[in-house]
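Undergrad: Only the shape, not the letters, is given here:
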C-alpha cells in the first residue's frame, strides 16, 4: 500500500499543495501526432481527434495581452500538426518574452513539414525537442523505427539555423522503462559528448522527465504486472527538496477545449481545476478565479514529479 501523495506533501509543507502564482501557461493543442510512443501519457497518434481551434487560441492571445511576462509552453500530441498551429504562433507574436515549442523533432523531417525549422527560427521559438536517448536503438524502440535518424537530421538543420547558439534548443530525456532518471547534469554531459562526437550536434540544456504512470505507459505497466511496483518505487524515492518546486504551483495547463488543469498529467486523467462549488473553471474564467492559494488537484501519479531529483516540464527540480 502506497501512502497518499497528498498526505506526504502536506507533511513536508502544507503550502506545497497550493497554487502560488502563474508563471507558465501551458497549452495543449491536441492529441494528433505522427508518432505512437510507448510512454505517451495522452495516447497521442495519427488518429487523434482532440484538436484546439482558433476560438480557444484567441482567448489565449487575449489573456497573454492582459498578462505580459508569462511563458507560453506549447505542447501536444504533436502541436505542429494542429491545423491552426501557425495561427497561434502568429497571434501570440510579441505577447510573451518566451514561447516554448515541445516538438518530437521527427515531424520536421516528414514530407510536407520541411518548413517548420525556418518557421520556428523566424518566430524566435525556443525548441524543446524530445530525444529520449542518444543511442539509436533505444530511441527507435520507444518511438518507432527510423525516428532517431529523422531527429538527427532535424537537429543538424536546426543547428545550421542558429539553434544551440543564437536560439535556444533544449532536449528531453525520459527513461525507456520503469525507473527514475539518473543525474540530469551527468546525462546532459553524456548527451553533449555523444551527439557532438557522432553527429556534430550542439544544444543548450537537457531536461530529464520521469515517466508518469498514466496513459499508454500505465497500460504497459499493467500488462507486465509492474504498475504497483513502479508506484512503490516512485514513492520510495520521494524527495522533500523536490516537493517545494513542483511545477503545478506556477503552471496552468489548458486543453484543446479551453478547460484548465494543474498540469498536463491531470489533463490526461480528466482532473480539471474546479471552483468551490465543484464546477469546472474554464479558460475564460481564469482571471476571476482567484488562483493564488487554491488547492492543487493531487493524486498518486504525482509521485513521478518528486522522485529522485524531481521532474517537471523543464527537467529536474533539484540537483
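TA: Structure received. Here the structure is a predicted model, which means the values were calculated and not measured.
Undergrad: quick one: the longest helix anywhere in the chain to chain centroid distance?
TA: Ranked by residue count and defined by DSSP state H, the top helix of the chain is helix 184-199. Chain-centre distance of helix 184-199: 21 Å, with Cα atoms, centre = their mean, to the nearest Å.
Undergrad: tell me what it is packed against?
TA: For helix 184-199, the packing partners by 3 or more Cβ pairs under 8 Å, 6 or more residues apart in numbering; DSSP states H and E come out as helix 147-160, strand 169-173, strand 205-208. In this view, the C-beta of every residue, glycine as well, is placed from N, C-alpha and C.
Undergrad: Which positions within it qualify as buried?
TA: Buried residues in helix 184-199, defined by neighbour count with 16 or more other Cβ atoms under 10 Å: 184, 187-188, 190-192, 195.
Undergrad: want to throw those residues into JSON lines with distance to residue 114 and pLDDT?
TA: Shown next, in JSON lines, are these (distance: Cβ to Cβ, whole Å; pLDDT from 0 to 100):
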{"residue": "184", "distance to residue 114": "32", "pLDDT": "98"}
{"residue": "187", "distance to residue 114": "30", "pLDDT": "97"}
{"residue": "188", "distance to residue 114": "29", "pLDDT": "98"}
{"residue": "190", "distance to residue 114": "30", "pLDDT": "98"}
{"residue": "191", "distance to residue 114": "25", "pLDDT": "98"}
{"residue": "192", "distance to residue 114": "27", "pLDDT": "98"}
{"residue": "195", "distance to residue 114": "22", "pLDDT": "98"}
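Undergrad: Going along the chain, name the strands of this structure.
TA: Secondary structure of the chain (DSSP state E): strands at 24-28, 71-75, 98-103, 126-130, 169-173, 205-208, 251-254, 260-261.
Undergrad: Contacts for the third one next, please.
TA: Counting by Cβ atoms under 8 Å, 6 or more residues apart in numbering, the neighbours of strand 98-103 from elsewhere in the structure are 71-76, 78-80, 89, 92, 116, 120, 123-130, 172, 313.
Undergrad: same thing with stretch 135-152?
TA: With Cβ under 8 Å, 6+ apart, stretch 135-152 has contacts from 35-39, 104-106, 109-110, 129-133, 176, 194, 199, 201.
Undergrad: please redo it, this time with the cut-off set to 10 Å
TA: 34-40, 103-110, 129-134, 171, 174-177, 194-195, 198-201 (Cβ atoms under 10 Å, 6 or more residues apart in numbering).
Undergrad: Who are the contact partners of residue 227?
TA: By Cβ under 10 Å, 6+ apart, the neighbours of residue 227 are 178, 213, 217-221.
Undergrad: how near is the residue lying farthest from the centre of the chain to residue 30?
TA: The outermost residue of the chain relative to its centre, with distances by Cα atoms, centre = their mean, is residue 277 at 29.7 Å. Per Cβ to Cβ, to the nearest Å, residue 277 is found 29 Å from residue 30.
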